[in-house]
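>>> After the sequence you'll find the predicted model.
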Amino acid sequence: MNKRTCTLATALVTTLALGATGCSDGTKSDGSRDRKNPAVANNGAVVGGTPQRGGTLTVLSNQDFTHLDPARNWVMPDMDFGTRLLYRTLVTYTAEPGAKGSELTPDLAEDLGTPSNGAKTWTFRLKPGLKYEDGTPITSQDIKHNVERSFSPDLPGGPDYAARYLVGGKDYRGPAQGKHLDSVKTPDARTIVFELHTSFAEFPFAATLPTFAPVPPSQDKGPQYDSRPFSSGPYKVETYARDKQLVLVRNTHWDPKTDSVRKAYPDRIVVTMGLKGNQIDDRLIASSGTDASAVSWAQLRPESISKVLTKADVKARLLAESSSCNEMVQMHTGRAPFDDLKVRQAVQYALDREAIVTAAGGPAVVDASTAAMPGTLFTGGKQPDTLKIPLSGDVEKAKQLLKEAGKADGFSTRLTVSMNDKRIAEAIQESLGRAGIKVTIETVDPSAFYDTIGDTKSRTDLVYTGWCPDYPSGSTFLPFVFDGRFIKVKGNSGNHSLFKDDATMKRMDEIAAMSDGAQANKAWQDLDGQILAKAPVAPGASKRRTLLIGTNVAGAYGHTSWSGQLDYATVGLKDPSKSTN
């Protein structure tokens, strides 16, 4: 193990510990839960006891999945659902509540990978006996194929760690016409080797992503694969009607002896889509009939929070782990008037983050943000406040900045938000309006939101969105949100401010090359404030993922590594006979 691997791995463990005890998630520094916040009573605990095998678990959802194709799946809840139920990856996270859920464990691979050549080469050996839903063996060549197809222009939107790190990835465009990446080698059916152009001690964390799930070439249907991924996990797709319903049934060729993580308690999992958010909340609060065996997909609507927290029996079924994500107003820095620093700074000063907190459900479940990265990536688990702007904003300062920018009379612009965040959009609209910035709101269905804002030619000047670190390191946040070298015309992810600053990118490269993990962590934290001073974004809020489960649901907890989403590896039913098959 070389020096970089050792020191950086130690720093990651330290970061995990800091994030788990940070003030922002309702947990005290001694590890005990803060009883002053009623929303976090179940944090770090399993709700409902141990499930029994059988029955139908219902997921009530207001949306379709953004993507289930493992080459395109890069939205935290979707990744949780896909990698826990439909396909396995080289490495995954342990199925445990609290800080233990941030620990890595082998999945398809026998171990967490073997580094060599200064952590520029990583070798994984697959477990024996792994099979797909039709009984055919899972091979290293199938993992290579999915890694290669993740480069395809017709499969945008997925994790791009492969493109950032693999030798030859910069100019590769996928396996069409038989073109392959020489930097991914498969010397035999159970061995896969990745050759990187730089040291990457954190590669095992990246290997948890859907990019590193297998896709057999014989089943690859290009963009159509999104509707019928071929299962290597405990469940397979029985039916999938877009925007209506997804039904999963058992994959009888999944062998639990090869899988220490997934428990696969239910016989069937039915995702019912297209429901109204308030309808879902009310049904789960009542928890009658088949809804007792149901869970919510999306977070509670803000107006439902008080209904839950004021009823002890309902509050006992609430999951509200920190999402570890941070949301912000991202401004199109390449388009007037937001190509002017003073205009962008005016937005930072005009924004009322207290109003955003109220609109999103209140301080029990939402924290105002003072940085770009979430608190879990800072020492002590708490965001610094480098801008020193009052949480309610400073309207006079905003007006002054607009005047200096030649916009004394203000201007009009458009803001795109997910339909789930309409109330937040209205808070942004009102607060910017105080300074003379007239905002028109455009709402998009959650399943289409990222594709919409990822189209850089047709998107609006402003978007309200966030980013979740793929694992606890600043390297998984700032480069993905602010490195202009990876902006795509379509399928653009993370950098929705289209920020391309030479000094920032140079500093990112310097930090990535640091051999001391603690030094790198501190450098990422410092760079956060330096980027905010250039104002590509205005910090918004960090939410807990508030999910309600039915009275017949067991084995439930919000998984810390999946932004607080329900861990589908362990959830099931107390009494399967009470559900509908």
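Received the coordinates, thanks. On a predicted model such as this, the values are computed, not experimentally measured, just so you know. Numbers count the residues shown, from 1 in each chain.
>>> The residue nearest to Pro363 when sequence neighbours are not counted: neighbouring residues, count only.
In space, and not counting its chain neighbours, Pro363 is closest to Val357: 5.9 Å by C-beta to C-beta, 6 or more residues apart in numbering. No exception for glycine: its C-beta is placed from N, CA and C like everyone else's. Val357 is flanked by 25 other residues according to other C-beta atoms under 10 Å.
>>> quick one, what contacts Val357?
If a contact means C-beta atoms under 8 Å, 6 or more residues apart in numbering, then Val357 has 363, 366-368, 541 as its contacts.
>>> roughly how far apart are it and Ala425?
Separation of Val357 from Ala425 (C-beta to C-beta, to the nearest Å) stands at 14 Å.
>>> Leu319: what secondary structure?
Of the three states, Leu319 takes strand under DSSP: H, G, I helix; E, B strand; the rest coil.
>>> Check whether it really touches Val40, as I assumed.
No - with contacts counted by C-beta atoms under 8 Å, Leu319 stays clear of Val40, the gap being 9.8 Å.
>>> between the two, who's got more neighbours?
For Leu319 and Val40, the more surrounded residue by other C-beta under 10 Å is Leu319, and the numbers stand at 29 against 22.
>>> Show the contacting residues for that one.
42, 47, 545-549, 556-558, 564, 566.
>>> pLDDT at it, what is it?
In this model, Leu319 is scored at 98, pLDDT.
>>> So Phe205: helix, strand or coil?
Going by three-state DSSP: Phe205 is helix.
>>> So it sits against Asp470, correct?
Yes - the criterion here is C-beta under 8 Å, and Phe205 meets it with Asp470 at 6.8 Å.
>>> Under the pLDDT cut-off, which ranges of this protein? List them.
Along the chain, the model assigns pLDDT under 70 to residues 1-35, 581.
>>> Which parts of stretch 261-275 count as buried, going by neighbours?
Buried residues in stretch 261-275, counting neighbours by 16 or more other C-beta atoms under 10 Å, are found at 261-273, 275.
>>> Run the chain-centre distance for that stretch.
Stretch 261-275 sits 20 Å away from the centroid of its parent chain (C-alpha atoms, centre = their mean, to the nearest Å).
>>> For it, C-alpha coordinates in PDB please.
Below are the C-alpha coordinates for stretch 261-275, written out as PDB (Å, rounded to 0.1, in the frame of the first residue of the first chain):
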ATOM      1  CA  VAL A 261     -25.900  -7.200   1.900                       C
ATOM      2  CA  ARG A 262     -29.300  -7.700   0.300                       C
ATOM      3  CA  LYS A 263     -31.900  -9.600   2.300                       C
ATOM      4  CA  ALA A 264     -34.700  -9.600  -0.300                       C
ATOM      5  CA  TYR A 265     -37.600 -10.000   2.100                       C
ATOM      6  CA  PRO A 266     -40.600  -9.200  -0.100                       C
ATOM      7  CA  ASP A 267     -41.800 -11.500  -2.800                       C
ATOM      8  CA  ARG A 268     -42.800  -8.500  -4.900                       C
ATOM      9  CA  ILE A 269     -42.100  -4.800  -5.000                       C
ATOM     10  CA  VAL A 270     -44.600  -2.600  -6.700                       C
ATOM     11  CA  VAL A 271     -43.800   1.100  -7.400                       C
ATOM     12  CA  THR A 272     -47.000   3.000  -8.100                       C
ATOM     13  CA  MET A 273     -46.200   6.300  -9.900                       C
ATOM     14  CA  GLY A 274     -48.000   9.500 -10.800                       C
ATOM     15  CA  LEU A 275     -49.600  10.100  -7.400                       C
END
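>>> coming back round to it: so which of the contacts of Leu319 sit within strands?
545-548 (DSSP state E).
>>> ranking these by neighbours, who comes first?
Thr546 (29 neighbours).
>>> got the contact list for the residue most central in space within the chain?
Closest residue to the average C-alpha location of the chain: Met76 at 2.9 Å, with C-alpha atoms, centre = their mean. For Met76, the contact set (C-beta under 8 Å, 6+ apart) comprises 323, 325, 468, 562-563, 565.
>>> Closest one to Lys403 out of the residues you listed, please.
Cys325 (34.9 Å; C-beta to C-beta).
>>> That closest one reaches Ser542, doesn't it?
Yes - counting by C-beta under 8 Å, Cys325 does reach Ser542; the two are 6.6 Å apart.
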